[in-house]
Every structure is written in C-alpha cells, then in structure tokens.
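>>> 3D, please:
(one chain, ligands or ions: 1)
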Amino acid sequence: MKPIERIMPSISYIVARSNPGGVIGCENQLPWRLKTDMKFFRSVTENHVVIMGRKTLESLGRPLPKRVNIVLSSKKGVDTENLLWADSKEMALYLADFISILKESSQIIVIGGAQIYGLFRDLFTKIYLTEVFHNFEKGDAYFAEQFDMREWNSIENRDYKKSEFDEFDFSISILERKIKYTRHRKLEDFFVAESMDQTRERIEEFREKFRRTKQLDERQILLPLLVA
Ligand SMILES: NC(=O)c1ccc[n+]([C@@H]2O[C@H](COP(=O)([O-])OP(=O)(O)OC[C@H]3O[C@@H](n4cnc5c(N)ncnc54)[C@H](OP(=O)(O)O)[C@@H]3O)[C@@H](O)[C@H]2O)c1
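Just a heads-up that it's a prediction; the model follows:
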C-alpha cells in the first residue's frame with residue numbers, strides 16, 4: 001500500500017539586525033528598544049511553533065506565551081505545556097512538524113539567535129527582516145545573510161521613524177524565496193520509537209490530523225490544474 005505522505009509546514013525566520021553591521025545581540029540582550037517591532041514580532045509569531053537556541057530563551061527570561069517554544073540545547077531541560085527541549089536540529093524539526101500539524105499551522109518560525117539562524121539557513125523560505133539604522137560599536141551576535149534579489153521576492157517593505165516608542169529609525173521587510181521547495185514526511189516517520197518520548201500522548205490525535213490535512217493539501221494542488 002502507498003504510504004501516506006504530506007507536505008510539512010514551511011520554515012520562516014524573524015530577525016532584527018543593525019544596518020550597517022548585522023548586529024543582533026550584545027551580552028545576550030537586544031541592543032535597542034523598539035516597541036513597534038516587538039508588536040510586529042508578536043503578531044507574526046503568535047499561535048505558531050517557534051524554534052530558538054538555549055541562550056535566546058535565557059535572554060527572553062521565559063517561554064513566549066501563546067506559542068509552543070522549542071528550545072535547542074545539548075542538555076535536556078524539563079518539558080512543559082508550551083516548552084519542549086530538543087538536542088539536535090532533526091529533533092527540533094520533528095517536534096515542530098508534529099506540533100504544527102496538531103495546531104493546523106502551516107508555518108514554523110525560527111526566532112534565533114545567531115547559532116540557530118546558522119543551523120536552519122538552507123531551509124527557510126521566508127524572512128521577516130527588521131533593519132535598525134544605527135552603527136552599534138558593541139555586538140557579539142550577528143546575522144550577516146545577504147539576499148540576492150534574483151532569488152527572493154520582496155513582498156512588503158515599510159519604514160518607521162525614531163519616536164518616543166522606538167529608539168532608532170528602522171524598516172521591516174518581508175522576503176520570500178522565488179523557488180519554494182517543500183519538505184515531505186510520511187505518517188510512519190512520526191512513529192519512530194526514540195522520537196516518540198515527547199509525542200506519545202497525542203499520537204492518535206496527530207494521526208487523525210495528518211490524514212485530514214493530507215486531503216486538504218491534495219485539493220490545494222488540484223485547484224490550479226482544474227482552473228487551467
Ligand atoms: N535581534 C534578533 O532578532 C535576535 C533574535 C534572537 C536572539 N538574539 C540575540 O542573539 C544572541 C544569542 O544568540 P547565540 O548565537 O549566542 O545563541 P542561541 O543561538 O540563542 O543559542 C545557542 C545555544 O543553542 C544550543 N545549540 C546550538 N546548536 C545546537 C545544536 N545543533 N544542537 C543542540 N543544541 C544546539 C546550544 O545550547 P547549549 O549550550 O545549552 O548546548 C547553544 O549554546 C543574544 O544576544 C540574543 O539577544 C537576537
């Protein structure tokens with residue numbers, strides 16, 4: 001029998017960096033106060049699964065509410081309802097796929113820091129990019145990715161002026177890869193014994209969602225063919 005397979009959620013980045021310099025952090029903190037950008041960050045990430053590094057979790061001080069937080073670390077922390085620990089990139093993706101399918105969310109968002117942006121750089125297909133127009137002399141974490149506009153579409157770009165809420169001028173752009181590759185997994189991939197420790201309790205609910213959303217995917221793929 002043909003295995004049941006479906007498209008996995010896409011991976012997006014959300015990053016705020018200085019321009020010039022590409023600084024994203026200093027002494028495990030953000031080097032700026034931008035209230036408007038924080039609001040934007042919340043609106044993009046809420047209700048999605050977010051992936052971050054252990055140091056970023058420490059800089060936030062707590063898992064982000066209204067989001068499932070997957071944290072990468074070589075050490076195993078204690079899982080809670082909205083915080084799951086992963087000790088490898090593969091485990092983080094496995095958990096992010098599993099939870100996103102349960103939540104019927106089609107986008108996983110990588111929120112940093114520098115090490116974690118490096119880890120998923122071949123996989124992200126969209127970026128919410130804030131550029132803070134200030135030259136910071138001090139910085140110890142960077143996001144230096146350059147975007148070749150032959151490969152990326154700019155789908156939004158807005159400028160913001162320094163104000164009582166925002167310490168510096170900044171812009172927010174949204175870029176999408178022109179060629180969107182997709183990741184696929186088979187239902188059986190989620191039943192591998194060593195991966196199931198953190199998912200066992202919800203596996204039946206998951207199985208149901210996986211089957212249902214697979215049918216939705218097929219309809220989405222068929223639609224343009226019917227129109228043509
Ligand atoms: N401006 C922005 O948009 C933004 C966003 C996020 C963060 N930041 C800033 O970025 C800085 C933090 O970035 P960072 O690069 O130092 O740290 P990070 O990426 O947040 O976390 C690094 C940690 O992640 C874990 N890790 C990394 N690769 C792993 C792998 N393959 N498998 C398992 N665990 C792995 C390790 O944890 P263990 O050491 O526990 O093993 C490592 O020490 C802070 O200054 C923060 O404020 C800025």
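>>> all strands of this protein, in order?
Counting by DSSP state E, the chain has strands at residues 5-7, 10-18, 23-25, 49-53, 68-72, 83-86, 107-110, 126-132, 141-142, 152-160, 170-177, 184-186.
>>> quick one: average pLDDT of the first one?
What it means is strand 5-7. Strand 5-7 carries an average pLDDT of 91.
>>> before we move on, the earlier item: of all the strands of the chain, which one is nearest residue 40?
Closest approach to residue 40 among these (Cβ to Cβ): strand 170-177, 6.0 Å. Placement of C-beta: from N, CA and C, glycine included.
>>> what's the distance between the residue most central in space within the chain and residue 67?
Geometric centre of the chain, nearest residue: residue 109, 1.3 Å, by Cα atoms, centre = their mean. Distance, residue 109 to residue 67, by Cβ to Cβ, to the nearest Å: 8 Å.
>>> overlap in contacts of the two?
Taking Cβ atoms under 8 Å, 6 or more residues apart in numbering as the contact rule, the neighbours common to residue 109 and residue 67 are 45, 48, 49, 50.
>>> what about residue 100, neighbour count?
20 (other Cβ atoms under 10 Å).
>>> pretty sure residue 58 sits against residue 28.
Yes. If you go by Cβ atoms under 8 Å, residue 58 and residue 28 touch, sitting 6.4 Å apart.
>>> so where do the helices sit in this protein?
Per DSSP state H, the chain carries helices over the ranges 35-45, 54-60, 89-103, 114-119, 203-227.
>>> just name the most buried of those helices.
Mean neighbour count (mean count of other Cβ atoms under 10 Å) peaks for helix 89-103 among the helices of the chain, with a mean of 20.
>>> near the ligand, which residues of the chain? Just list them.
Residues of the chain lying near the ligand by Cβ under 6 Å from any ligand atom: 15-16, 24-25, 28-30, 52-56, 59, 72-75, 87-89, 111-116, 119, 141.
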